[in-house]
Structure formats: structure tokens, C-alpha cells
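J.: Okay, predicted coordinates and the sequence, questions at the end:
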Amino acid sequence: MIEGDSARNDRPPYSYVPGGLWPHPISDPRGHSFGHRGGPTPPVEGDDWGRSPAYLRGVDLFNDGYYWEAHEVWEGLWHAHSRRGPTADLLKALIKLAAAGVKVREGQPGGVVTHSTRAARLVESVDQAVGPTHLGLDLGELARFALDVAERPPTATSGKDAAVAVVFEFRLEPRQVRLR
């Protein structure tokens, strides 16, 4: 897995797309993360997502078009949450959205639809379990975005071989919920 708890804010030189021009980040010695495996990723404590470097790194990577890398970071968190419960389900939804971004880059609209539909269903289940916000995200807004992607899959204008391409207009913007 990509270092999820790293304090580094730098970006890799490319976002990996299977079948593209770029080497696999972890298994290829030329990959941007070869030899940089971090230790276990600690879970998000309660809903204190603002103190989770892994969660925030995944958000930043996703927003900047590093979908494969965001997927890897969030997968470490998903495992840290034992792949169960509302937090794990929301992380799995984010993983699915990141996978949809990779599928856009690969030019596979069927995969985009499958991953984004599953993401929407997971977000909806989390909304029912914990309420309208979790990990700082508006779950209704996130579910609508995922469904919109499923209904109208974007296409990558820069192709799968561009170093990085932001394919979603939507940005993840976690916010602290202020209680009155």
C-alpha cells in the first residue's frame, strides 16, 4: 500500500492507470512508490477524521486526480477499520469512487457505472446508519454525485497515458459539523 500515514504532501509524478505508459507504482522498481511501504495505518478515531493523515491524504489525492493512489491509501484505512461498520463502508464507497476514476482513465464506461453505482449504495447505507454526515462529508451530496457519475460517466479528455487527469468535477470537501 502507498504510505497512508505519511506527512508528505508531495504528489507522485504520475497517477497509475493499468495498461498505460507508467510503471506499476509498487511492484515495478521504476514505480513512484517502490520500496516506500509504510507501516500499518491507524483507524480514524470516532469521527475525528481531521486527525487522520491517511484519510486527508486520500482526499487530496482524489481531488488532484490521483485515483489509483487515493484508492490505495483508503484501502489501508478500510483494513484498519476491519472492513466492517459505517466508517469502513464509507471508506469502501470512496475506494469505489476512486476506482471509477481509474476506469474513466482506462476508457471503460461499464466499470465507471459499476463502481459509482456501488459507491452510491454504500453511501446511502451509511447515511441510514449514522445520519447525513460522516468523516466530514455530506452523504446526500456524495451519493448524488456517485449516481450522477453512474448515469453520465465522464470521459477522460487527456487519455489514459496522461501523467495525471482530474476526471470528476466534484471535489471531496470534508467539513467539521458545527453543533449549535
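T.: Done, it's in.

J.: Which residue ranges of this protein form strands?
T.: 133-134, 137-138 (DSSP state E).

J.: What lies in contact with the first one?
T.: Spelled out, it's strand 133-134. Strand 133-134 is contacted from outside by Asp47, Pro86, Thr87, Leu90, Val126, Asp127, Leu139, Val177, using Cβ atoms under 8 Å, 6 or more residues apart in numbering. Every residue, glycine included, has its C-beta placed from N, CA and C.

J.: Please tell me how far the closest residue to Val112 other than its chain neighbours sits from Gly107.
T.: Of all residues not flanking Val112 in the chain, Pro153 sits nearest, at 4.0 Å (Cβ to Cβ, 6 or more residues apart in numbering). From Pro153 across to Gly107, the span is 10 Å (Cβ to Cβ, to the nearest Å).

J.: More neighbours: which of the two?
T.: Taking neighbours as other Cβ atoms under 10 Å, Pro153 and Gly107 compare with Pro153 leading, 19 against 14.

J.: so what's the more buried one up against?
T.: Here Pro153 is in contact with Ala100, Val104, Pro109, Val112, Val113, Ser116 (Cβ under 8 Å, 6+ apart).

J.: can we see that at 6 Å?
T.: Pro109, Val112, Val113 (Cβ atoms under 6 Å, 6 or more residues apart in numbering).

J.: Can you read off the pLDDT for Lys103?
T.: On pLDDT, Lys103 comes in at 95.

J.: what stretches of this structure score poorly on pLDDT?
T.: Counting by pLDDT under 70, the ranges of the chain that qualify are 1-9, 157-160, 177-180.
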